[in-house]
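Chemist: Generate a structure from the sequence data that follows.
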Amino acid sequence: MKKKLIISLLASASLLGSVMTATSANAANLSGKIIAGGSTAIQPLVQQASLEFMAKNPGVQVTVQGGGSGVGLTQVGAGTFQIGNSDIFAEEKSGIEASKLSDYKVAVVGFAPIVNSKTSVSNLSKQQLIDVFTGKITNWKEVGGKDQAITVIGRTAGSGTRVNFDKLALDGATEVSGPTQDASGSVVTMVGQTPGAISYVAMSYVNSGKNIKSLSIDKVKATPANVKSNAWKIWSYEHMYLNKSKATSAQKAFIKYVTSSEKDINKLGYISISSMKVSRSVDGTITKK
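Modeler: Here you go, the predicted model:
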């Protein structure tokens with residue numbers, strides 16, 4: 001009886017060893033070059049994940065680029081990028097054949113209006129926010145601040161952050177013409193250096209910038225907890241898109257790694273999909289989980 005038990009245990013150990021070896025081999029066999037580009041709102045998360053993923057999979061080279069959600073969607077469709085990062089659904093971007101792309105929602109991000117830290121105003125009503133960004137209000141004294149001109153810094157066309165902010169914060173209003181920036185990091189720097197400035201970025205950038213602060217809207221703060229409950233309504237999914245006809249095992253494995261990196265998701269100011277108390281469809285319908 002003991003002999004049979006020993007033989008059985010040895011066989012099980014051998015099988016386990018074979019499975020582990022096969023798993024290691026599969027990881028080692030991943031190879032290829034991946035350009036993941038587009039949204040700058042998700043860029044810090046994808047950049048961090050790429051370093052960890054390449055360390056575990058030395059046969060894969062991942063390059064992370066910005067450019068905006070529009071660029072990400074266009075270039076993944078064209079095959080220039082292997083992964084297109086976007087703050088918006090592919091269906092929201094004109095000229096994109098969404099049916100040819102696979103959508104992977106990897107996280108949620110909130111967007112917040114930010115101002116120069118010396119601005120005395122900390123809260124605006126939603127209507128005041130709309131009036132500021134459309135140029136109807138041009139001085140901080142009109143909303144309870146000091147006598148100082150407001151400089152609105154917008155985002156360039158093709159920015160997913162702009163699409164979401166205009167739709168969800170400004171109710172579709174057209175922003176006033178003025179200086180624009182195409183990258184979230186550049187926006188943070190410019191607002192921090194410009195007295196009286198206002199703009200908007202992904203919440204994941206708010207704590208990384210100097211001399212800026214976020215504004216509350218109707219006394220609701222831009223916090224992860226408020227995003228999860230939809231009390232703060234200015235949020236979107238962070239998508240990573242693959243071209244269905246060209247997707248590889250390495251590309252899918254990298255996206256899976258990003259999605260499963262909850263430590264990085266939380267640390268960098270994003271919100272995991274699983275922690276959301278609501279979901280949002282492409283047409284904007286909110287459903288409680």
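Chemist: mind listing what the most centrally placed residue in the chain touches?
Modeler: Centroid-nearest residue in the chain, with C-alpha atoms, centre = their mean: residue 42, separated by 3.2 Å. Residues counted as contacts of residue 42 (C-beta atoms under 8 Å, 6 or more residues apart in numbering) are 85, 87, 106-107, 109, 202, 238, 240, 270. C-beta: built from backbone N, CA, C; applies to glycine.
Chemist: That one and residue 31: what is the separation?
Modeler: 25 Å (C-beta to C-beta, to the nearest Å).
Chemist: now the strands: where do they sit in this protein?
Modeler: 32-38, 60-67, 83-86, 101-116, 123-124, 151-152, 154-155, 180-181, 197-202, 212-214, 216-217, 235-243, 278-280, 286-288 (DSSP state E).
Chemist: State whether residue 52 and residue 258 are indeed in contact, as I suppose.
Modeler: No. Residue 52 is beyond contact range of residue 258, at 9.6 Å (criterion: C-beta atoms under 8 Å).
Chemist: In terms of neighbours, single out the busier of the two.
Modeler: Comparing residue 52 with residue 258 by other C-beta atoms under 10 Å, the one with more neighbours is residue 258, at 25 against 14.
Chemist: what residues are up against that one?
Modeler: For residue 258, the contact set (C-beta under 8 Å, 6+ apart) comprises 45-46, 49, 53, 106-107, 240.
Chemist: any low-confidence regions in this structure?
Modeler: 1-28, 209 (pLDDT under 70).
Chemist: Would you map out the domains in it?
Modeler: By the assignment in automatic domain parsing, the chain contains the domains 31-108+234-288, 110-223.
Chemist: from the middle of its chain, how far away would the longest one be?
Modeler: Spelled out, that is domain 31-108+234-288. Distance of domain 31-108+234-288 from the chain centroid (C-alpha atoms, centre = their mean, to the nearest Å) equals 8 Å.
Chemist: cool, the last one as well?
Modeler: For domain 110-223, the separation from the chain centroid amounts to 18 Å (computed by C-alpha atoms, centre = their mean).
Chemist: Show the end-to-end separation of that domain, please.
Modeler: Length of domain 110-223, first residue to last, C-alpha to C-alpha, to the nearest Å: 8 Å.
Chemist: try the longest one
Modeler: Terminal residues of domain 31-108+234-288 lie 40 Å apart, using C-alpha to C-alpha.
Chemist: And for stretch 59-78?
Modeler: 24 Å.
Chemist: Same check on stretch 259-269?
Modeler: End to end - C-alpha to C-alpha - stretch 259-269 spans 14 Å.
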